[in-house]
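# sequence and predicted structure, then a few things I'm wondering about:
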Amino acid sequence: MAASPLHPPSPLARVRLEDVVPHDGAAAPAYAHAVGALDASLALRGAAVLELPAADAAVVRCALESTRAFFRGRPAAYLYRAGRTLEDGELSPACMADAFRCLGKAARAALSAMARHLRLRTDVFNHLLDDAPLPVNEVSSSELLVAYSHEQLQSGQTLMGCLRSSMPVVDRGFVTLVASDHPGIEVCDPNGHWYLADGGSGPSDLLLLTGRALSHVTAGLRPISQYRATNENRASLTFRLMPHANAILDCSPILASGHCIRQIYQPVPASQFMDDSCAEVHVVSSHLEKPLESQGNFVSDPSLRSVLSDPLSGAFLEDAMVLQCGHSFGGLMLKKAIEMARCTICNREVDSTSLFPNFALRAVATVVKMEDDRRLFHNAALRKRRKDVTEHVDVPRRTGSSSRVHIYNASIIGGENESVRLSTVSTRVFRLAEVK
């Protein structure tokens, strides 16, 4: 589909699927180039485009045409899973099995390419996926959502469990592939800017997005794609490559390859991870549906201290340095990045001679550290005062009513406001002791 003034060309890298399919023997130059371009597009733009070969493109076009014919222009959606037996009277759009195989092959190839760029084996995540082909009488964990009109795609809670049309969406699986007959998906890049991701794309192109499960098993090295639908008059195929129910999502391959692992990325059963992700989506959905004035209590961003501290040692980034890629590190994480000669966020090469201090980040970290230390000192002083008051509370049992004046005088050291508060507490405790 040629680009039009209404749909400008997508800024994403376009990678031929044939170039990223794993193969025996030495890696061809086209493979290395395609893997690098795919990863760079995902890191910088949050998405990429896969170009299907002619045979697969024909299958996708057939599936999209059958989708329009099946729904007859009515907004609707159909969820297809390989291996599931149709119920009595249930109808399915044509070409679903072929489209599922075609998109599943493309999703696995993209996943293996991302593993390769992280210096992992291309099949490192295969044990987390359904067996290929599926065993007899087993239903796939991955799914193919066939929809006409993206309004239904977004609002159908029984099918998607996601947000309304134009609401940001984050998928739970490893990768998501979207094919459609008209552009209409916007993606949010790492800088928070939304752009039309499938402008100029046609049915032979697949929009590649990454999900929560992939981010977890890569310890955050592969960011999560956030997208939304803006065109509701379109037929689409959305394939989600999901972990099988008995899988355990962990980061052991990432750790073995020399990458740093934060403590938040702990091994978790796939079924629990999917349930937790679903609950988080519902929380975000209910928050977005509230009036703007009620959204101030919803906190989803990391704390300032966590942003300004080293994730390995917890120390503030008072020695922060800027890498060539633009990311800043300090402490043990900086040492690790220099030893690996790679950035632990974007995986770009690091030259230790090209580092320079990030004075702005250092200054902010120093100020926050001073404020943190002052708060800790203040809290320690309050605890000491309360301890002194508590020790005087036992005096009424031995000395009688004269202890009331003694307690009040002992609490004056905290200043006027503190003395009033502590004397009030002391008086209440004293009266309780008199009753006893």
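Yep, that arrived.
# any regions of the stretch 201-350 of the chain where pLDDT drops low?
Low-confidence segments of the stretch 201-350 of the chain, defined by pLDDT under 70, are located at 232, 277-307, 310-314.
# and the helices in this protein?
17-20, 29-45, 54-71, 96-117, 150-155, 212-217, 252-256, 270-289, 304-307, 331-340, 359-393, 396-399, 403-410, 415-435 (DSSP state H).
# what helices or strands is the third one leaning on?
Helices and strands touching helix 54-71, by 3 or more Cβ pairs under 8 Å, 6 or more residues apart in numbering; DSSP states H and E, are helix 96-117, strand 143-148, strand 175-180, strand 235-241. All C-beta atoms are positioned from the backbone trio N, CA, C, and that covers glycine.
# now the first one against helix 54-71, angle please.
Relative orientation of helix 96-117 with respect to helix 54-71: 130 degrees, computed using axes from the mean of the first three to the mean of the last three Cα atoms, to 10 degrees.
# returning to that earlier point: can you lay out the helices and strands packed on helix 54-71 as TSV showing distance to K335?
Conversion of the helices and strands packed on helix 54-71 to TSV gives the following (distance: least, Cβ to Cβ, whole Å):
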stretch	distance to K335
helix 96-117	23
strand 143-148	43
strand 175-180	33
strand 235-241	36
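# those into a markdown table, with extra columns for mean neighbour count and distance to P22?
Written out in a markdown table, the entries for these read as follows (neighbours: other Cβ atoms under 10 Å; distance: least, Cβ to Cβ, whole Å):
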| stretch | mean neighbour count | distance to P22 |
| --- | --- | --- |
| helix 96-117 | 22 | 5 |
| strand 143-148 | 23 | 23 |
| strand 175-180 | 26 | 15 |
| strand 235-241 | 25 | 15 |
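# for burial, what's the neighbour tally of N191?
Neighbours of N191 under the rule other Cβ atoms under 10 Å: 8.
# enumerate every residue touching K369.
K369 makes contact with 316, 318 under the criterion Cβ atoms under 8 Å, 6 or more residues apart in numbering.
# how much space between it and L355?
Distance check for K369 against L355: by Cβ to Cβ, to the nearest Å, it reads 22 Å.
# what about stretch 315-334, start to end distance?
For stretch 315-334, the first and last residues are 12 Å from each other (Cα to Cα, to the nearest Å).
# and the contacts of it?
Identification of contacts with stretch 315-334 by Cβ under 8 Å, 6+ apart yields 260, 308-313, 337, 343-346, 348-351, 354-358, 361-362, 365-366, 368-369.
# are any of those residues buried, and which?
The neighbour-count test (16 or more other Cβ atoms under 10 Å) applied to the contacts of stretch 315-334 identifies 260, 308-312, 337, 343-346, 350, 355, 358, 361-362, 365, 368-369 as buried.
# filter the contacts of stretch 315-334 down to just the ones in strands.
Cross-referencing the contacts of stretch 315-334 against strands under DSSP state E gives 356-357.
# any idea how far the most centrally placed residue in the chain lies from G173?
Residue closest to the average C-alpha location in the chain (Cα atoms, centre = their mean): I224, at 4.1 Å. I224 sits 11 Å away from G173 when distances are taken as Cβ to Cβ.
# now the common contact residues for these two.
Contact with both I224 and G173 is made by residues 211-212, 214, according to Cβ under 8 Å, 6+ apart.
# most neighbours among these, please name it.
Using other Cβ under 10 Å as the contact criterion, the top neighbour count among the shared contacts of I224 and G173 goes to L214, which has 28 neighbours.
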